[in-house]
Structure formats: structure tokens, C-alpha cells
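Asker: Predicted model and sequence below, questions to follow.
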Amino acid sequence: MPGSALRRRDAAVGYTMVAPAVLGAVAFVVAPLVAVVWYSLHEWNVLASTFTFTGGDNYARMLEDPGLRDSLVASLWFSVGLVVLNVTLALGLAVLLNQRLPGTTTFRTFFFSPVVVSLVAWTIVWSFLLQADGGINGFLSTVGIDGPNWLRGETTAMLSVIVVQVFKNVGLNMILFLAALQGVPEEIQEAARIDGAGAWRRFRSITLPLISPTLLLVSILTIVGSLEVFAQIAVLTGGGPGTSTTVLVYYLYQQAFRFNDFGYASAVSVLLFVIVLVLTLVQWQTRKRWVFHEV
Amino acid sequence: MNSTTTRRTRAAATGAAAVAALLALTACGGDGQGAAGEPETPDEPVDLRMTVWTADETQLAQFQEIADAYVEANPDLVSGVTFEPVPFEDYTTSLTTQLAGGNAPDLAWILESYAPEFVESGALVDVGPVLEQTEGYEYDDLLDSSLSLWQKDGGLYAYPFSNSPFGIFVNTDQVEAAGQENPADLVAAGDWTYDNARDIAAAAAEKSGKQGLVVRDFDFQAWENLSSVWDGWGAAPWSEDGTQCTFTDPAMVDALTWIHDATFTDGAMPGPGTTADFFAGDAAMTITQISRASSLDDSFAWDVVPLPAGPAGQQNVIGQAGIGVFAAGEHPDVAADFLAWFTNPENAATLAAYFPPPRESLLNAADLAAANPLLSEEQLQAVVVDGIQDAVTKPTHQNFAKLQETVRAQLDGLWTADADVEAVLTDTCGAIQPLLED
């Protein structure tokens, strides 16, 4: 009996300790999540203060919305471009900076510093660099190249947004890879070397499998992050030219805050939630095939 | 087992309660469109908040002075009035975000393009009765033509405090340096045309290495600002009743071809991605509203002239801005009472320095000159008093937000050197026709 009283008191203390975090999560994560699903079943015009239950109308509308289709395509390009560039570059940098060479610390700091810079400040600086008469074209002209108007061409605008985002975050992934690389036991590498394995063979057959858990983590983080891109689009292109950089989150923002259609925007955000969930689950399920071991 | 179930039920109940509370906080609140009434004296004096898109300190100081006098005259009613500047580019979005968050300002400036949307929405209260009944307000002095955009079913849903004509500010130093004729002389000679303005701009830009003619706030995004130019061609984006796209009409094709060529062939207007601030001396001329005169200093010699004539003759264009009172604000009655004070004949005369009022009695060069030492009586007569006559406003539509974005996306195709103007405009009409019929 006294034991159970003690346990109850312990439990009470425990609950009190976690209460702030749990309440915070409920109020700012769980409740809005549920609320968004509820909103998505309504036509909600903030300006007119109308809030009418319309059932699945918003979801039916999504099926026939060419704007949504365009934004899904833009999101796909952005995500593929970002993940491929970011992961390759981060891994490449990590491998390079994992060598015992002079100056590696400086380079690590150099590549990591954008991660701690304010996102909007970083993007605004890039918007100046990418202007028609901006720094990048100024540099190109000194070597005799007539640079394009980066943010006004459909392909170059998307490329610019991707590159700006890659440079912003590649440092974080690089550090994650670097930590993983340093956990690869030197004796295995040495054994392989003695067996006559070349550098590429050792990287493919020893290093990659051993860092595959990190590769999984980085891929999930980067893909999920790529679907949430907003500030860069808002500052650099405003979704243009045309709708070429109107990614899903930007489209959602337009529906809600420019067109005052919060119900439909909620439905689009439910779609975004499902996409992120499915992508994460797929990666998680397929990990058994390509992740060598679990940490 | 049993206790687990209870715990789960309780957790679910807590979650549901939190959601319900959130819904109650955010979703509800609309109570239809009523008229503001006589303010009842509140238990404690209230604070009023008005969102504005000017950050000009002179203008804000002027507003504050008028507001402070109101607070002094009505100490039981209000304890203070705050003017909250929101950047022009994001103004309407920021405003609706505040509304969405249940944080409606008491009063807000409203851009004319969005007027029909706001007036129709029911978000604003009818301020007509309060203005009419306020002693000494002289409601009959207000110009009907100025009010019409803001009226619905006999109610007035915002007061058009600014009826600011578009004109061309000229950096006469740069024009002179390029050996070009002074625009004011061309006005006098009746030769002030868009083609002449373009030639002067191109020459000045070439000489100074800066920019020629800048349509201010356009930036290849806010295309509606180009209406100050295409009105000279008699062009319009859609029919007067707002149901038919007219981007493909010959007048619009010609006007946009002219703008395209002035930008990409003649070098008279800055291309996309180039920022040029006339008031910082970056350009020879700019098309903007007279209310921007406050940004001028003595760093260069300047003049202001009316909009040039296009092939369809000279067309005056005004940009209107209204002040509305939000139904969702905390004190709509007090806010409406303050609006009546803010825009009474005496304060309207003060505000006329930057914001030409819709009051017939004040729209003469002498009164305007008294309020505005920056501009001469001749300039005011030519640009403001004459500029408000038979003026048209920028494009407006009940579905403007969506139209703005859709047209912006389509016109992006126009802003390249080798664009096919007619093809782009055909696509534009294809894209917006469904929105116009909405």
C-alpha cells in the first residue's frame, strides 16, 4: 500500500515535469493539426467572416485545380533538385574534410556558418547577388560571360532557389556525415586496403554501408525540409516567373493569406501533411533494404 | 486496463476541449454588416489602432497630432490612437492576416483595387450615418464621384481620404544634363506625349548611366500600376462591369507593346530585377502619386507635371485610398467617431498636404498650396486640381486578389526581350476569364 502511494506520488511528479512540454505540444502541434482537418471541411473566408460546413468539397476541388497541379510539379522539381544536390554535396564535403589536411577546420566553419545565419537575411543578400545587374553577373562579366537574369527565367529561377537553399543547409548535413564518417573504424578500412581494395571500392563497400543510418536520417530531414520551403520563394521569386516556383507551401499561403480562402488552404495543408507522412513512412519501411545497421 | 482506458478518454477529452477553444478563438466572430452608431462611453477609455501603409515620419506625425487632439477632446472615450505602418507591398495580406488571427485593427487604410472585395465582404461597418450626423462635418461637400467605389446599397463602407492624382516627377538636373527639353515646356506647348517622355527618358538614362522613366511600385509584380500609362491608350484590363477580359483589345496590345519596347528596345524604362528609386536620384522621371512629394529633398532639382497624352489623348488617373472601420474590431462605434474627427473639414485641410480630400471646397490650388509648401500653386493646379477632374482609378474588381496574382503570373511572359505580346495577352485572357465570371 505505501509502495503504491509512493508510486502515485512519483507518477504525479513525473507528469508535472513533462506537463509543460506535453501541453505545449498539444496546444501548438496536435490541436492545430486536428483543427486544420476540421477547417478543411469548411468554406472559410476570413474577410467575409463566413464559416460554412461543405464536407469534402475542398478535396473535390483539389482534384480539378490546375494551380495545385502546377505547384505539385514545382515542389517535385525543387525537392528532387535539393535532395540530390544537398546530399551529394554534403557527403562530398564531409569526405574531403574528413582527411587530415591543413585548413580543414577553417573550411568546416566556412561551410557551417550559413546554417546559423538568419534565413531571411541570407535570402535577401542572395536576391541582390542574383539580380540582373547583381554580384554574380558582375563576376561573370569579368570573365566574359553574359549571365542570365537569374530570377526571371523559369529554369534559372528554380535553380537559383535550390542553390540558395543548398548553400544555406549543406553545412548541417555535412557535419552529420562527418560525425558518421569519424565513427567508421579505421581497422576495417585498413583490412580492406591490405586486401587490395581501392579508394572507391572501400567507399562503396565499407564507408557507405556503415554511414547508411546517417544517410537515411539526412534524406528524411532534407526531403521533409524541402517540402516546407517558403521564405526563400517569398523573398526571391514570389512564386514566379509565371508559377514556376510556386511550390506547395507557397501555393497554400496564397490561397489562405492572399485569397482569404482558409478552408481550401487547410485542405491543401492536409495534402502536404499526407505527402510528408507517406514519404517518411516509405523511407522508413525501405530502410531494411539499404540501411546496414541501426544505431 | 480500466485505468488506462480512463486516462485515454481523459486525454482525448482534453484534446477535444483544446481544439474547441482554438476554434472558438479563431473561427467565429462575423456578425454581419451593420452601421456604426453613436459611441457609448466605455467603462475605461479605449485604445484605437489604425493600419496605414505610409512610414513617412512627417505624415505619421501629422496623423498623430490630429489623433492627440481627438484624445484630448474625448478623454472618456479614448486613451490613445496608434498608427501602425505596414509595408505597402504586403499591405493587404498583412491586414487579412490580422483579421484571420482575430486581431482586427479598429480602422485601416484600404487600397482602391481591393475596395469592391472589402465593401462586399461585410468586414466593414457602414460609416455613412455617423459622418452625416457629426456636427460640422459637411457631408454634402464630399464628391459623389469619389465616394461611389466605397458605397453599397446606400451605405458608405469606407471614406476615400486620399484621391491622389498620378503625375510625373522629373529630375530636371538629369534631363537638362542630357540636353533634353524640359517636360514642363512640352506641357505648355501641348507636346507632352508618352513618346516624347520615352525619348527624354532614354536620353537621360544614357547620359546619366542611371534609369529613365520608372513606374513606381510596379517592379514587374504590381502590374495594376501600369494603368497610369495604358489609360493614355484608353486601355483597360477588363470591361467596366468586370465580366469580360479586355487584355486582347487593340488598345491594350498597343499600350503594352509600347511599354515592352520602351523597356527592352529603347532603354527608357528599367528592366526586371533592376531597382531604381527616383527620390534617391536613381532615375530621371517617375510616375507616381502626388502624395509621394514628401519624399523629396533638396538633393536635386525637380518638377512635377501631369501624365502625358497617349494615342487616345490625356487621361488623368487617381489612386484612391479609403479608411474603413472593421466590424470585427473591438470598438467600431468609437472608431467611426474618430474617423469623423480625422476627416472633418478642418483636418481634411491639414491632410490635404499629401492626401487630396474628396471635398469640393478644398480642391482648389490656393487651399492645397496652404497645406503643401513643397509644391507651387501652378503645380497643384495642373496636377492635383485638374488631375482629379474626370479621373479614372486604377483597376478594381471584387475578385481582385486572385486576378492580381493570375495576371502577374501571365504577364511574366511579357517581360523578356523577345516576348510575343499578343500571344501573352491571349493567354492572360484565357487564364482570367473564369475568374471574371466567378
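Answerer: Arrived safely.

Asker: contacts, neighbours, all on C-alpha from now
Answerer: Fine.

Asker: For A:D261, what are phi and psi?
Answerer: With angles defined as degrees, to the nearest 10, A:D261 sits at phi -100, psi 80.

Asker: mind listing what it touches?
Answerer: Shown in contact with A:D261 (Cα atoms under 8 Å, 6 or more residues apart in numbering or on different chains): A:E43, A:W44, A:N45, A:V46, A:Q255.

Asker: at 7 Å instead, please
Answerer: Going by Cα atoms under 7 Å, 6 or more residues apart in numbering or on different chains, A:D261 touches A:W44, A:N45, A:Q255.

Asker: Show me the residue of the stretch 301-438 of chain B that gets nearest to chain A, please.
Answerer: Nearest residue of the stretch 301-438 of chain B to chain A: B:A409, at 3.9 Å (Cα to the nearest Cα).

Asker: which residue sits closest to that residue, ignoring its sequence neighbours?
Answerer: A:G242 (3.9 Å; Cα to Cα, 6 or more residues apart in numbering or on different chains).

Asker: before we move on, the earlier item: next, count neighbours for the residue of the stretch 301-438 of chain B closest to chain A.
Answerer: By other Cα atoms under 10 Å in any protein chain shown, 21 other residues sit near B:A409.

Asker: ok now the helix or strand it falls within, how far from the chain's centre?
Answerer: Here B:A409, judged by DSSP states H and E, is contained in helix B:400-411. Its chain's C-alpha centre and that of helix B:400-411 lie 17 Å apart, by Cα atoms, centre = their mean, to the nearest Å.

Asker: ok, now stretch B:398-415?
Answerer: Between the centre of stretch B:398-415 and the centre of its chain there are 17 Å (Cα atoms, centre = their mean).

Asker: what's it in contact with?
Answerer: Outside of stretch B:398-415, the residues within contact range by Cα under 7 Å, 6+ apart are A:240-243, A:258-259, B:113-114, B:116-117, B:221, B:223, B:419, B:421, B:424, B:428, B:432, B:435.

Asker: Among the residues you listed, which are located in helices?
Answerer: Judged by DSSP state H, the contacts of stretch B:398-415 include B:P116, B:E117, B:V421, B:V424, B:T428, B:I432, B:L435 as members of helices.

Asker: Which pLDDT value belongs to the residue nearest to B:E360 when sequence neighbours are not counted?
Answerer: In space, and not counting its chain neighbours, B:E360 is closest to B:D141: 5.7 Å by Cα to Cα, 6+ apart. pLDDT for B:D141: 92.

Asker: Please tell me how far B:D141 sits from B:G154.
Answerer: When distance is defined by Cα to Cα, to the nearest Å, B:D141 is 17 Å away from B:G154.

Asker: What about the residue nearest to B:A409, how many residues nearby?
Answerer: So A:G242, with other Cα under 10 Å, has 21 neighbours.

Asker: Equivalent analysis for B:P332, please.
Answerer: Close neighbours of B:P332, defined as other Cα under 10 Å, add up to 27.

Asker: swap in the one 3 residues further on?
Answerer: When neighbours are defined as other Cα under 10 Å, B:A335 has 28 of them.
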